[in-house]
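A.B. asks: Fold the following for me, if possible:
(chains A, B, C and D)
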Number of protein chains: 2
Amino acid sequence: MANLKQLAQSLGLSITTVSRALDGYSDVSAATRQRVQEAADKAGYRPNASARRLRKQRAELVAVTLPSEPGHIGPLHFLDMLSGCAEHLAGAGLNLVIAPVPHGESELDMCRRFVDGRRVDAMLLVRTKRHDERVEFLQSRGFPFVTNGRTESAIQHPYIDGDGFSGFHAATLRFHRDGHRRIAHVGGRQDYFFAHVRRQGWEAAMRESGLSPDLYVEQMPTEQGGYEAALGLLARSDRPTAIVCATDEMAIGVLRALREVDGGLSISVVGHDDLPIGAFTSPALSTMRMTGGNLGRSFASLLLRTIAGEPAETLQELHAIEFVDRDSHRLPPVAA
Amino acid sequence: MANLKQLAQSLGLSITTVSRALDGYSDVSAATRQRVQEAADKAGYRPNASARRLRKQRAELVAVTLPSEPGHIGPLHFLDMLSGCAEHLAGAGLNLVIAPVPHGESELDMCRRFVDGRRVDAMLLVRTKRHDERVEFLQSRGFPFVTNGRTESAIQHPYIDGDGFSGFHAATLRFHRDGHRRIAHVGGRQDYFFAHVRRQGWEAAMRESGLSPDLYVEQMPTEQGGYEAALGLLARSDRPTAIVCATDEMAIGVLRALREVDGGLSISVVGHDDLPIGAFTSPALSTMRMTGGNLGRSFASLLLRTIAGEPAETLQELHAIEFVDRDSHRLPPVAA
DNA sequence: AAGGTCATCCAAAACGTTTTGGGAGTCAAG
DNA sequence: CTTGACTCCCAAAACGTTTTGGATGACCTT
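C.D. replies: As a prediction, the model looks like this:
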């Protein structure tokens, strides 16, 4: 309701003084400051966001691009992460806008709109590809951004990622130690960085163990994808005794297929992401997760620091993967 | 990079003319318009969002409040809805910002920040309570908003909701027709409108069938909540033969408890929301869902129309609930 | 009394757009 | 030649804030 001009008028002060009083500058007397503060509180005054943004040349906004995969939008733990990120950004006066890719527009066009219209101060990119055109565009514009997941970009950029290679490497080796010899991998499209390194981890572990990485199926990173992948694997003559899945969603689809075909859990399964629901599948899903605490807070921190101009090299976080052992990985290495 | 002034200078035109040419006004010649258009395209010109917002007195933003329940953030299908909503809002030049409740702040304070700072043009409220202080505040300010879920507010407001009463009424009656007599309800906190009407539907159907609505447990609307509720119900001497759950998450927790206690599905179960994952539980979860097509699009439409000043009475959508029959509701009415 | 140092305050510019209220020129009708 | 209508263009104001670059006294020092 109230703006600076009205407030100043009612106090018999100039706009300048009122503004500076509220911002805590030292060149306004304590008495005046308090008088202004009280009047502002009583009037419920908040500076007009658009005006401040124009003057300060900051949008006070960060956009996060939402991948829109057919039938399934991003991993299920996204919203948790976004919420945490938005909360910590709000602490610094920034809001988080979600930016799904409009029908018939490319992710690139969307980035262009946000960057060239100066609608945001930074962007948060999720589900990076090995060669990501969004990353290249933002780099060419010198625009601040942080990614969830690494890329194969020649130029460094800020990111947070889990060490998928080591995680899947370790999971595969553990199955091998437990006596498994036919260890399958259900992976996602290899142009996604996360899917690629997870597969690499599995493959490396297989070769180190003297096994050939034949039992590989590529599918959509959804329950349906995992389900179909498992049906294919179960029909093979060299049926696996263990399956390492790129995501928990896929693993849940695999569990479902096992129950349908074998009537229960006949093969060891492990997923990745530690979805809350994994504790409630039957059997309870063994999985992996990124270490490192509050992910949303970390993203917010990196975003703020990259906006502040810190160099990319100091804004890269690669977190270790840890096992979350429940029941689905404990089967003996013999198919039912 | 470029602004209107630079563009005008390079074309030898006034700022006014360039602005009006790009906005398609009729008082600029076709030749000039085209010349301007081409120059703008070449320079990659986009109007500065902050400046336009200030001048037009519109924030071009809508905020959606995110409920932050301990351990679980909102229903899992939220993100899908938000994404659809954001996409359709973007078509009208609005962006959607997500607004989680910051630690140590109330939902009310948050609304105040957005409204008084004129940071947004409207708000989208989810998970309404029967008496919702956010609704009352926004109504007292005359600020545009739409809710997901009804309230018991004396004043009308725009909303989209499913007819939970009829849905749970019908589901309970169907169990009764199938021969069930001990039909339980696992519900959520009754200050939430959706939880309240769903319970009312179950209760009404029980009474109409001459049964007393004793088998009721209230829990968190999460897998864990459903799990604990089911453990309690299974220990009773008047153990139910069917359970109607307020949400799919709860139903999934119930299924898990059944498997643990009875070693399989011993009781009929039905949930609500049609989470994609329901098709992949074992048994596949029978559930209900709101009819009415693209929910996100509907919210976007209602938001735009309430911003445009349409009266609340014409902006209320109550959608029917339909069954999604899979396997978990088909058991005979006899406990194992 | 002059000069210097503070403490307080303020007018005006700037941010980049949209919109208001004309102004200049052309052309046809009277 | 005047008048009015029409086409095309523009200067200036406005949106509400932050920031720059002083201005005005009061008080102290010499």
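
A.B. asks: for A:Val186, helix, strand, or coil?
C.D. replies: strand (DSSP: H, G, I helix; E, B strand; the rest coil).

A.B. asks: so where do the strands sit in the stretch 151-300 of chain A?
C.D. replies: A:159-162, A:183-187, A:216-218, A:242-245, A:268-270, A:287-290 (DSSP state E, counting those that start in this stretch).

A.B. asks: Packing partners of the fourth one?
C.D. replies: Which is strand A:242-245. Contacts defined by 3 or more CB pairs under 8 Å, 6 or more residues apart in numbering or on different chains; DSSP states H and E place strand A:242-245 against helix A:164-177, strand A:183-187, helix A:223-235, helix A:248-262, strand A:268-270. C-beta: built from backbone N, CA, C; applies to glycine.

A.B. asks: list the buried ones in the third one?
C.D. replies: Right, the one you point to is helix A:223-235. Across helix A:223-235, burial judged by 16 or more other CB atoms under 10 Å in any protein chain shown covers A:223-231, A:233-234.

A.B. asks: TSV for the residues you listed, including distance to DNA strand C and pLDDT?
C.D. replies: Below are the buried residues of helix A:223-235 laid out as TSV (distance: CB to the nearest atom of the strand, whole Å; pLDDT from 0 to 100):
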residue	distance to DNA strand C	pLDDT
A:Glu223	46	93
A:Gln224	45	95
A:Gly225	45	96
A:Gly226	48	97
A:Tyr227	50	97
A:Glu228	50	98
A:Ala229	50	98
A:Ala230	54	98
A:Leu231	55	97
A:Leu233	57	97
A:Leu234	60	96
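
A.B. asks: Go through those and name the one nearest DNA strand D.
C.D. replies: Taking CB to the nearest atom of the strand as the measure, A:Glu223 is the one of the buried residues of helix A:223-235 closest to DNA strand D, at 48.9 Å.

A.B. asks: Burial check on A:Gly210, number of neighbours?
C.D. replies: Other residues lying near A:Gly210 total 8 when counted by other CB atoms under 10 Å in any protein chain shown.

A.B. asks: Which residues of the stretch 1-150 of chain A lie near DNA strand C?
C.D. replies: A:12-17, A:20, A:27-30, A:32, A:51, A:54-55, A:57 (CB under 7 Å from any atom of the strand).

A.B. asks: picking up where we left off before, most tightly surrounded among the helices and strands packed on strand A:242-245?
C.D. replies: strand A:183-187 (a mean of 29; mean count of other CB atoms under 10 Å in any protein chain shown).

A.B. asks: Parallel or antiparallel, list what pairs with that one.
C.D. replies: strand A:216-218 (parallel), strand A:242-245 (parallel) (DSSP bridges).

A.B. asks: Now do the contacts for the residue nearest in space to the middle of chain A.
C.D. replies: With distances taken as CA atoms, centre = their mean, A:Asn148 lies nearest the centre of chain A, 4.6 Å away. Taking CB atoms under 8 Å, 6 or more residues apart in numbering or on different chains, we find A:Asn148 in contact with A:81, A:124-128, A:159-161, A:299.

A.B. asks: From those, which land in helices?
C.D. replies: If you go by DSSP state H, the contacts of A:Asn148 have A:81, A:299 in helices.

A.B. asks: between the contacts of A:Asn148, which has the most around it?
C.D. replies: Going by other CB under 10 Å, A:Phe299 tops these with 29 neighbours.

A.B. asks: Model confidence score at the closest residue to that residue other than its chain neighbours, please.
C.D. replies: Spatial nearest neighbour of A:Phe299, chain neighbours left out: A:Cys85 (4.6 Å); criterion: CB to CB, 6 or more residues apart in numbering or on different chains. Looking at A:Cys85, its pLDDT is 96.

A.B. asks: which ones are touching A:Cys85?
C.D. replies: A:Cys85 touches A:64, A:96, A:124, A:295-297, A:299-300, A:303, counting by CB under 8 Å, 6+ apart.

A.B. asks: Apply 7 Å and report the result again.
C.D. replies: For A:Cys85, the contacting residues are A:96, A:296, A:299-300, by CB atoms under 7 Å, 6 or more residues apart in numbering or on different chains.

A.B. asks: Would you reformat these as TSV and include distance to B:Tyr45?
C.D. replies: As requested, the contacts of A:Cys85 are exported to TSV (distance: CB to CB, whole Å):
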residue	distance to B:Tyr45
A:Leu96	27
A:Gly296	35
A:Phe299	31
A:Ala300	31
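
A.B. asks: I'd like the residues you listed written out as CSV, with pLDDT added.
C.D. replies: CSV is the format used below for those (pLDDT from 0 to 100):
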residue, pLDDT
A:Leu96, 98
A:Gly296, 95
A:Phe299, 98
A:Ala300, 98
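
A.B. asks: Pick out whichever of these sits closest to A:Ser328.
C.D. replies: A:Gly296 (27.9 Å; CB to CB).

A.B. asks: The closest one against A:Met81, yeah?
C.D. replies: Yes - using CB atoms under 7 Å, A:Gly296 makes contact with A:Met81 at a distance of 4.9 Å.

A.B. asks: The residue in the stretch 201-336 of chain A that DNA strand C sits nearest to and B:Met288, how far apart?
C.D. replies: Closest approach of the stretch 201-336 of chain A to DNA strand C (CB to the nearest atom of the strand) occurs at A:Ile307, with a separation of 17.7 Å. The gap separating A:Ile307 from B:Met288 is 45 Å, by CB to CB, to the nearest Å.

A.B. asks: Thanks a lot, catch you later.
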